[in-house]
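**Student:** Give me a model of this one.
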Amino acid sequence: MNRALDVATSVTATLLRLAAGATVTSPGKQPPKPLELYEFEACPYCRKVREALSAFDLDAMIYPCPRGGRFREVVKGRGGKTQFPYLVDPNTGKEMYESDDIIRYLADTYRDGKVPFTLGPLTILSGTLAAVARAGKGRKVRPARAPTQPLELWSYEASPFSRLAREALCDLEIPYLLHNVARRSAGRPALRARSGKMMVPYLADPNTGKEMHESADIVAYLEATYGL
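**Tutor:** Now for the predicted structure:
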């Protein structure tokens with residue numbers, strides 16, 4: 001897919017979801033230990049949880065689970081079935097499937113209990129259409145070298161350019177700590193101080209010391225560094 005079409009279809013995916021995950025609706029502190037989410041980009045149920053994480057301003061350690069990937073067996077071993085998304089909360093010991101249950105748990109445990117209306121009944125239908133617009137990106141694993149340490153990505157769900165970076169991380173099955181920095185996020189000042197500007201996506205790779213903006217540069221870097 002050429003760059004212009006790639007960006008256009010990613011923008012379409014955001015519009016289909018009414019820009020869900022663009023703004024923090026329930027601010028609050030981060031949990032002491034990062035949440036852990038096993039998911040893959042093309043899954044509409046996973047998208048719904050990622051949108052909630054952005055709206056709740058919660059970071060999470062992401063373990064990409066595209067088809068054929070190694071983390072799928074981890075989920076099956078922990079929960080008994082290969083179903084996504086799957087949340088692990090090391091702060092409470094809670095583990096669960098089902099997007100609606102996960103969102104309700106996050107709202108009640110870490111925020112004010114309110115779930116944004118954009119995560120209502122039509123979420124899965126529009127999320128499925130958004131996945132169709134992206135032509136299966138973030139669905140199937142591609143051969144890659146596993147990094148020694150997880151990467152870090154500053155992003156938010158509704159950002160079409162961030163989606164391109166997340167899809168590449170998913171396809172290459174690279175674990176990463178996701179820092180959600182939607183509008184009104186408490187994490188924005190720290191990103192600005194670190195990178196010099198408030199712009200997403202922003203990738204940091206502790207394995208090489210590389211840090212960068214620009215989705216095209218990030219995708220190219222991931223392919224060159226970890227792709228086979």
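**Student:** What is the neighbour count of A133?
**Tutor:** Neighbour count of A133, defined by other C-beta atoms under 10 Å: 17. Glycine gets a C-beta too; all of them are placed from N, C-alpha and C.
**Student:** so it makes contact with V11?
**Tutor:** No - using C-beta atoms under 8 Å, A133 makes no contact with V11, being 9.1 Å away.
**Student:** Could you identify the helix or strand that succeeds the helix or strand of the chain with the lowest mean pLDDT?
**Tutor:** Each helix and strand of the chain was given a mean pLDDT (mean pLDDT, DSSP states H and E); the minimum falls on helix 123-133 at a mean of 73. Sequence-wise, the next helix or strand downstream of helix 123-133 (DSSP states H and E) is strand 151-155.
**Student:** sorry, back to before: tell me which residues of the least confident helix or strand of the chain come out buried.
**Tutor:** T123, S126, G127, T128, A130, A131, A133 (16 or more other C-beta atoms under 10 Å).
**Student:** Check which helices and strands it sits against.
**Tutor:** helix 3-16, helix 44-56 (3 or more C-beta pairs under 8 Å, 6 or more residues apart in numbering; DSSP states H and E).
**Student:** Specify the angle between that helix and helix 44-56 in degrees.
**Tutor:** Counting by axes from the mean of the first three to the mean of the last three C-alpha atoms, to 10 degrees, helix 123-133 lies at 110 degrees to helix 44-56.
**Student:** Residues contacting helix 123-133, please?
**Tutor:** Helix 123-133 is contacted from outside by 9, 12-14, 16-18, 20, 42-45, 47-48, 51, 139, using C-beta atoms under 8 Å, 6 or more residues apart in numbering.
**Student:** Nearest residue to the residue nearest in space to the middle of the chain in space, please, no chain neighbours.
**Tutor:** The C-alpha lying nearest the average C-alpha coordinate of the chain belongs to R50 (C-alpha atoms, centre = their mean; 5.5 Å). Nearest non-adjacent residue to R50, counting by C-beta to C-beta, 6 or more residues apart in numbering: E157, 4.8 Å away.
**Student:** Could I get the pLDDT score of the one you found?
**Tutor:** E157 is assigned 94 on the pLDDT scale.
**Student:** low-confidence ranges in the chain?
**Tutor:** In the prediction, the chain carries residues with pLDDT under 70 at positions 1, 13, 122, 130.
**Student:** quick one, helices of it?
**Tutor:** 3-16, 44-56, 71-79, 99-110, 123-133, 160-171, 188-195, 215-226 (DSSP state H).
**Student:** if I read this right, G113 contacts A107, doesn't it?
**Tutor:** Yes - G113 is within contact range of A107, at 5.2 Å (criterion: C-beta under 8 Å).
**Student:** Comparing these two, which shows the higher neighbour count?
**Tutor:** A107 (20 against 10).
**Student:** From Y45, how far off is L106?
**Tutor:** 14 Å (C-beta to C-beta, to the nearest Å).
**Student:** And those two? Which one has more around it.
**Tutor:** L106 (23 against 19).
**Student:** separation between the more buried one and P64?
**Tutor:** For L106, the distance to P64 - C-beta to C-beta - is 20 Å.
**Student:** before we move on, the earlier item: can you give me every residue that contacts the residue nearest to R50?
**Tutor:** A20, G21, A22, R47, R50, E51, L53, S54, R163, N180, A182.
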